[in-house]
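> Give me a 3D structure for the following:
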Amino acid sequence: MLTNYIKIAWRNLIRNKAFSAINILGLSIGIAACVLILQYVANELSYDNFHTNGDRIYRVRQDRYNEGKLSTQWAAGAQAAGKAFKDAFDEVEDYVKVLRRGPLVADYKEKSLKVEKVYIASQSFFTVFSYPLVAGNPKTVLTEPNTVVLSESVARRLFGSENPIGKTIQQNRKEAVKVVGIFRDFPVNTHLQPDYIIPYVTFVKQVGPNDNPDTAWQWDGALSYLLLRPGVDPQALEAKFPALVDKQAGEDHRKYRSAAVYLLQPLKDIHLYSHYMMEAEPNGDGKTVYLLLAVAFFIVVIAWVNYVNLATARAINRAKEVGVRKAVGSLRGQLIGQFMTESVLLNGLAVALAMLLVAIALPTFNELSGQQLSFGMLGSRLFWLPLVILFVVGSFFSGLYPAFVLSGFKPVAVLKGKVSTSRQGIILRKSLVVFQFSASLFLLVGTLAVFQQISFMRKQSLGINIDQTLVINPPIVANDSTFMRQMAAFKEELLRQSSIRHVAASSIVPGQASDFNAGGIRLKGTDESKGTQYRIIDIDYDFINTYDMKLLAGRNFSKEFGSDPKAVVFNKMAIQQLGFSDPAQAIGKQIDFWGDIFTIVGVTDNFHQQSLRDAYEPLILRLRPDVRGYFSLKMATSDLSSQIAAVRAEWNRFFPGNPFEYFFLDEHFADQYRADQRFGQVFGLFTVLAILVACLGLFGLASFTTAQRTKEIGIRKALGASVGEIVQMLYKEFAVLILVAFVVATPLAWYAVSQWIQGYAFRSDLHWWLFVIPFAAVLVIALLTVSFQSMKAALMNPVQSLRSE
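A predicted model of the protein is given here:
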């Protein structure tokens, strides 16, 4: 019987080539798109899932309050937190402390290598986490000072085929350290990505005996992780933190009217739900992941709807087949089996084509999304399981309703030619079309909203000039005693070149967040409780002029004033936080900055240090003429290649042994929007696919609808109807459905976009055209889709139309 079902199903697919092609193509595109998105989602959800104790590992993050108001939220916290919680609470089995430090240069014999991702970690790092060591004991590899643990890739680049264990390397041409371990390169799906790990005991030794970081509650910057004992309630443990923190650090908190609240964050939540200050690495976005998951659902459901619509629309064409089968004794269950077999066969062919489409589209999808999905996934369970589920669910749900409709015809009525499409069937098909285009409109509005917001952010004035700015990364290897002279000479030589207008040095450049968040800053003479938090940027004399910052009051730093090494410039938000509404009122005022007295000599307008996703922050520009940071060069030439070569030559002369690495600041600043842009591209791609699949179904539906109205069209033409009137009649039916879809989709899209855009401090307005343009586009695309069949029917000779009936 099954063989017979398959043979008949295959013959029906071959006989109705257009119907089969539309369904297979629509389903394959829908399934392929869904599978690609599911792979992306699975990869994002897999972060840090491989740790043996992952369910018991929590990161201690920190919220900072000033005068009872939340001021900053940090991934990192006090140096004392991890050890203090481990010592005080039996619920904590172990802890790990991790610090990020800047890049360094590692030398071995004749080889020199710059290492970007350098971590400092306490001794339990390799026992709490499940990062495998290739060489070394996980319990002892981080216990000795002046040692280092390398990744396989760094060890290979530095030592080649030589065994690194026990070998000595030089750090920044100053420190000799011994290699005691090699770890396998960390997988992509983990929020920590070190290449070089320095034991925490080395850091403690360098700090010296007078400043023990393990007891420092006012020294932030440590990523602390707790391994809880089995069965411990993290919320109950978290509730015990405030009493301990108040006991050990409460005096300082009360002095500055500030407070640090420590919270436990599950390890597996970090990648998608943590976007705080001092994250170890850039994280993903949980909202984006689940929004794309909804897109995948929409696309595949649209494809299934196509099948249901076309199968039920063809019901009249297959009515006689059903009538004959029932007349010769076929049972309804057998007919349902026949039609379900057709659904299974068609979905099976669609799945096969979808696999091919996934393989073809994978490189492009990786480029758009920034993912690193490989062809190896095609053999993994994460690929086959969604595919099998989509096949089974699609075959069942898309085939079930048509099977019941087709098998329900009465044989007597069918054979007498009295069968017609039911009103309920027509309403269902129209409802499904409305759903398809509502989903398409919703996605299209979302795509336009993303690109509108990105365009808005890029077009806004930053309050500073970053054009034609070449930035050189900070020197790593330098002599502290001679660095000031080297820097001054380097800047002087660069300014002799006519194509360089300004040169400035700073601890960070626009587009980067300052990790120097200083609390307790207050006006001189006021109570310590008046201290508040500010972000500090160290700059030289030329920084403000280089970036064309607008001074609202006061002056720039100048060598003509001997007091300027104790001078600061505030931005507008910073002086408002200090209590001044007029910038001029702040000029000449002195502030107490951790016991040092500084004078406010200038106030700049607010400017965007980071992307427009973030609000303005209270910034203090502190003069440090010897700041060892980035060099910003304001260029005035179109011949950049020769100019960069000239700058490189001067760099190698003044900072030998330091890699010359540079970037253009406008591109660097724009990189902050890369995640949004990628999201927009991926979202836009699948929106186009959703519309394509919906239009494929609409084309098929228009074909059958037109065929069923052939006699009506012939009569209308015989009575004098023009071609335009016939086409208008056929257009009207589908235009009304799209109008209904617009009415359904608009409030939903408006609400969703309104919620999404709240994540931006500076956001574009939701204009009316954001909704009308997608409606007009979808309407035009839909009408063009049905145009072929409509024009064909309208131009047909009425005699031929009536004869066909």
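> Quick check: which element contains residue 163?
Using DSSP states H and E, residue 163 maps to neither a helix nor a strand.
> give the contact list for it.
Residue 163 makes no contacts at all, as judged by C-beta atoms under 8 Å, 6 or more residues apart in numbering. C-beta coordinates here come from the backbone N, C-alpha and C atoms, glycine included.
> and it, what are its phi and psi?
phi -70, psi 120 (degrees, to the nearest 10).
> for residue 174, same thing?
Torsion angles, degrees, to the nearest 10, at residue 174: phi -120, psi -50.
> From residue 660, how far off is the closest residue to it other than its chain neighbours?
In space, and not counting its chain neighbours, residue 174 is closest to residue 477: 8.0 Å by C-beta to C-beta, 6 or more residues apart in numbering. Using C-beta to C-beta, to the nearest Å, residue 477 is found at 12 Å from residue 660.
> More neighbours: which of those two?
The neighbour count for residue 477 versus residue 660, taken as other C-beta atoms under 10 Å, is higher for residue 477 (19 against 15).
> I figured the more buried one hits residue 175, correct?
No - the criterion here is C-beta atoms under 8 Å, and residue 477 misses it with residue 175 at 11.4 Å.
> Strands of the stretch 601-750 of the chain, start to end?
Applying DSSP state E, counting those that start in this stretch to the stretch 601-750 of the chain gives strands spanning 619-623, 630-635, 662-664.
> do the same with the stretch 451-600 of the chain
469-472, 500-506, 517-523, 532-539, 551-554, 567-571, 590-593, 596-604.
> out of those strands, deepest packed?
strand 567-571 (a mean of 25; mean count of other C-beta atoms under 10 Å).
> what helices or strands is it leaning on?
Counting contacts by 3 or more C-beta pairs under 8 Å, 6 or more residues apart in numbering; DSSP states H and E, strand 567-571 packs against strand 596-604, strand 619-623.
> which residues touch that strand?
Under C-beta under 8 Å, 6+ apart, the answer for strand 567-571 is 544, 554, 556-557, 561, 578, 586, 591, 593, 598-607, 616, 618-623.
> what's the pLDDT at the residue nearest to residue 174?
pLDDT recorded at residue 477 is 81.
> swap in residue 513?
So, for residue 513, pLDDT stands at 86.
> What residues does it make contact with?
Here residue 513 is in contact with 277, 609-610 (C-beta under 8 Å, 6+ apart).
> so which of those residues is the most crowded?
In the contacts of residue 513, the most neighbours by other C-beta under 10 Å go to residue 609, 22 neighbours.
> isn't that one right up against residue 507?
No - checked against C-beta under 8 Å, the pair residue 609 and residue 507 is beyond contact range at 11.8 Å.
> where's residue 762, which helix or strand?
Short version, using DSSP H and E: residue 762 is in no helix or strand.
> For it, give me its contacts.
Contacts of residue 762 by C-beta under 8 Å, 6+ apart are 456-457, 460, 612-613, 615.
> which among these end up buried?
456-457, 612-613 (16 or more other C-beta atoms under 10 Å).
> quick one: which of those is nearest to residue 743?
Set against residue 743, the nearest of the buried ones among the contacts of residue 762 by C-beta to C-beta is residue 456 (27.4 Å).
> Could you check how far the closest one is from residue 674?
According to C-beta to C-beta, residue 456 and residue 674 sit 16 Å apart.
> before we move on, what about residue 437?
32 Å.
> hang on, the earlier thing: so what sits against both of residue 609 and residue 507?
Contacts common to residue 609 and residue 507, judged by C-beta under 8 Å, 6+ apart, are 514, 537.
> how about the buried ones among the contacts of residue 762 in CSV, adding distance to residue 645 and pLDDT?
Shown next, in CSV, are those (distance: C-beta to C-beta, whole Å; pLDDT from 0 to 100):
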residue, distance to residue 645, pLDDT
456, 38, 92
457, 34, 92
612, 35, 91
613, 36, 89
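> Okay, and which of these map to helices?
456-457 (DSSP state H).
> nearest to residue 697, of the buried ones among the contacts of residue 762?
Set against residue 697, the nearest of the buried ones among the contacts of residue 762 by C-beta to C-beta is residue 456 (35.1 Å).
> Which residue ranges of the stretch 251-400 of the chain form strands?
258-266.
> pLDDT below threshold where in it?
Along the stretch 251-400 of the chain, the model assigns pLDDT under 70 to residues 251-258, 312-335, 375-383.
> quick revisit: quick one: which of the helices and strands packed on strand 567-571 is nearest residue 433?
The minimum distance between residue 433 and the helices and strands packed on strand 567-571 falls on strand 619-623, with 54.8 Å, by C-beta to C-beta.
> Sheet partners, orientation included, of that closest one?
According to DSSP bridges, strand 619-623 forms sheet pairs with strand 532-539 (parallel), strand 567-571 (antiparallel).
> so which of those strands gets nearest residue 384?
Of the strands paired with strand 619-623, nearest to residue 384 by C-beta to C-beta is strand 532-539, at 49.5 Å.
> could you check the angle strand 630-635 makes with that closest one?
For strand 532-539 against strand 630-635, the angle by axes from the mean of the first three to the mean of the last three C-alpha atoms, to 10 degrees is 60 degrees.
> Strand 532-539 - what's its average pLDDT?
91.
> which residue ranges form the helices in the stretch 151-300 of the chain?
With helices called from DSSP state H, counting those that start in this stretch, the stretch 151-300 of the chain shows them at 152-159, 200-207, 234-238, 241-255, 270-273, 286-313.
> what sits against the residue lying closest to residue 687 once chain neighbours are set aside?
Once flanking residues are discounted, residue 687 sits nearest to residue 443: 4.0 Å by C-beta to C-beta, 6+ apart. Contact analysis of residue 443 by C-beta under 8 Å, 6+ apart lists 295, 298, 683, 686-687, 690-691.
> Now rank those residues by neighbours and give me the top one.
Most neighbours among these, by other C-beta under 10 Å: residue 690, with 28 neighbours.
> Test my guess that that one contacts residue 294.
No - taking contacts as C-beta under 8 Å, residue 690 lies outside contact range of residue 294: 11.3 Å.
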